[in-house]
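Q: Structure of the sequence below:
(chains A and B)
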Amino acid sequence: MTATPTWVQLVYLACAVCFILALKGLSGPRTARTGNLVGAGAAVVACAVPFFYRPNGVEHLHHVPLILGAIVIGTVGGVVGARRVQMTQMPQMVALFNGVGGGAAALVALLELHEKVGLVAAGSEVSWFVLAATAFTIFVGSVSFAGSVVTFAKLQELMTSAPVTFPGLALGFGVGLVAGVGLGTQLVLDPSVGVGVVLCLVGLVFGLLLVLPVGGADVPIVISLLNAFTGLTVAAGGYVLENVVLLVAGTLVGASGTFLTMLMARAMGRSVANILFGALKGGSTLGAGVASDRPVKSANPEDVAIMLGYADRVIIVPGYGLAVAQAQHALRELVDVLSERGTEVDYAIHPVAGRMPGHMNVLLAEAQVPYEQLKEMDDINGEFKDADVVLVVGANDVVNPAAKTTPGAPIYGMPILNADEARQVVFMKRSMRPGFAGIENELLFEENTTLLFGDAKDSMSKLLNAVKAL
Amino acid sequence: MNDAVVWLTIFILSVFVGIEVISKVSSTLHTPLMSGANAIHGIILLGAILVTGTTDNTVALVVGLVAIVLAAVNMVGGFVVTDRMLQMFVRRKKKPVVSEGAAK
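A: Next up, the predicted model:
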């Protein structure tokens, strides 16, 4: 800490404060965008500082052209990825960005280890606490990288989104953890780069084992958790590098990320431990994915148009399927037409609608749905019993009564939207395939339930035309 | 106070600040908040620049440059994608209402 000039430390302090303000801003709708920009500004300033002083006592920063080149490559990659990604693919994009951050932290810690090994060889004393923090960063950063890559693959459907389990998984998990702690201890007692690299590899395998058994709907929670992990690795890296801005920023993300993870898990009625280890214990078998052939009542768009057109109160339950079909614009138009006819229409947004908490709000905001029509679950759940028609578009698990009635179901205990209390329920579905959680929805077979099969966008525009023709 | 304790103090206080500042977030903003926090830990870029700029070992240099590329993707991509998401929230014509559910 002594080698760093005071002005540099003050700039770092200012940046750390800006990160606090950024997080504060991001948690309110009015201030969110400003908050994000404050954070971005602080990050740019903090990264520019090393070019203007003599870090770690060297004459000046070496390899400046190469460093700038690498920054340009990363920046271009990040901007192109961020601009091209579809709003529906947001969760996997966040996972990927998080993964590369974790990977970078692990590499930085490996380099720092290399330097510390040099110091030890030269006879200097390196505190065990610094070495422990280095080992932590290497291991957890690798876990975060590998775990995030798996979550990306699951959400991008490059692999099955169902839990992957195999005999010996729990054993491998235990062995990985013991090996990680053992190698970390070894690193503290006798620092060497070789052990660091092995620790890194063990971390990668452990990351795979951690995320593979997590199924479908739970993956976003894991993204949030890995995000917190990466934050903590950055904090530990900050301690090793004696850099206050890394320590504060990383800790902020680690703490708020952990808290956010628990909020999300609570919204799904689960505990974090249950999400991570449920499949290991054999408790949850998500993702059966078999279509049922039990009889259901289906209708054509004209029938549904009549139901909607003459209803006084309609509640829309949008789900991920709506966004995948890009039908949210047509849906908004339908709601506008219905409102003009005098029908009271609201959207009921389940906290985990979409693939990530709050994802559905982003998707509907993209279609310029007025914020006032989006009702949170707790506010609207009492109103379903007065609704004439509930229109469920591309959603399934969030209205599945099994969450209330079937103790054995994987989603049991998750708070759901009380669509089953409405007079009529209309499901717009592509097929009888179960939802993301892979379990059958009893509501589909109820007497007052009608199904409108077809691609959501196609059905929606047919429905819109039929309502207009009324 | 010795150095380690100073760092520990900063760490512990930051934990409380981190939880406190986001404790009132509404579920509407969970996704952008996660994404914004994700961008903030991209600050590891600063660490990557420091270790790469002070090494003279070729292998370390290459590893450091890889770390810089990865960290820059995390940081820049994270902030840009968060801004894209939030843009959609402010495009609303009517004044955004702070969620009452969050104030409870």
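
Q: Am I right that A:D346 sits in a helix?
A: No: assigned with DSSP: H, G, I helix; E, B strand; the rest coil, A:D346 falls outside any helix and is strand.

Q: for the closest residue to it other than its chain neighbours, what are its contacts?
A: Nearest residue to A:D346, sequence neighbours excluded (C-beta to C-beta, 6 or more residues apart in numbering or on different chains): A:K375, at 5.0 Å. C-beta here means a position set from N, CA and C on the backbone, and glycine is covered the same way. Neighbouring residues of A:K375 by C-beta atoms under 8 Å, 6 or more residues apart in numbering or on different chains: A:D346, A:Y347, A:A348, A:I349.

Q: what's the spacing between the first one and chain B?
A: When you say that, I think you mean A:D346. Taking C-beta to the nearest C-beta, to the nearest Å as the measure, A:D346 falls 15 Å from chain B.

Q: related to what we said a few turns ago, which of the helices or strands spans the residue nearest to A:D346?
A: Here A:K375, judged by DSSP states H and E, is contained in strand A:374-376.

Q: who touches whichever helix or strand comes after that strand?
A: Moving toward the C-terminus from strand A:374-376, the next helix or strand (DSSP H and E) is helix A:377-380. Helix A:377-380 is touched from outside by A:I315, A:D346, A:A348, A:I349, A:H350, A:P351, A:P415, A:L417, B:G101, with contacts defined as C-beta under 8 Å, 6+ apart.

Q: Apply 6 Å and report the result again.
A: A:A348, A:H350 (C-beta atoms under 6 Å, 6 or more residues apart in numbering or on different chains).

Q: Likewise for stretch B:33-42?
A: With contact meaning C-beta under 6 Å, 6+ apart, stretch B:33-42 is reached by A:19, A:26-27, A:36, A:39, A:94, A:97-98, A:101, A:224, A:227, A:230-231, A:234, A:249-250, A:253, A:256-257, B:25, B:71, B:74-75, B:78-79, B:81-82.

Q: longest helix in the chain, by residue count?
A: You didn't pick a chain, so chain A it is. Longest helix of chain A, by residue count under DSSP state H: helix A:90-121.

Q: sorry, should have said chain B
A: helix B:3-22.

Q: quick one: it to chain centroid distance?
A: The chain centre lies 16 Å from the centre of helix B:3-22; the measure is C-alpha atoms, centre = their mean, to the nearest Å.

Q: in it, what's buried?
A: B:W7, B:I10, B:F11, B:S14, B:V15, B:V17, B:G18, B:V21, B:I22 (16 or more other C-beta atoms under 10 Å in any protein chain shown).

Q: Same question for stretch A:4-11.
A: The neighbour-count check on stretch A:4-11 (16+ other C-beta under 10 Å) flags A:T4, A:V8, A:V11 as buried.

Q: Against which helices or strands is the helix or strand where the second one lies packed?
A: The one in question is A:V8. In this structure, A:V8 sits in helix A:6-26 according to DSSP H and E. Where contact means 3 or more C-beta pairs under 6 Å, 6 or more residues apart in numbering or on different chains; DSSP states H and E, helix A:6-26 is packed against helix A:32-48, helix A:244-267, helix B:3-22, helix B:30-40.

Q: Would you mark the buried spots in it?
A: Buried, per 16+ other C-beta under 10 Å, within helix A:6-26: A:8, A:11-12, A:15-16, A:18-26.
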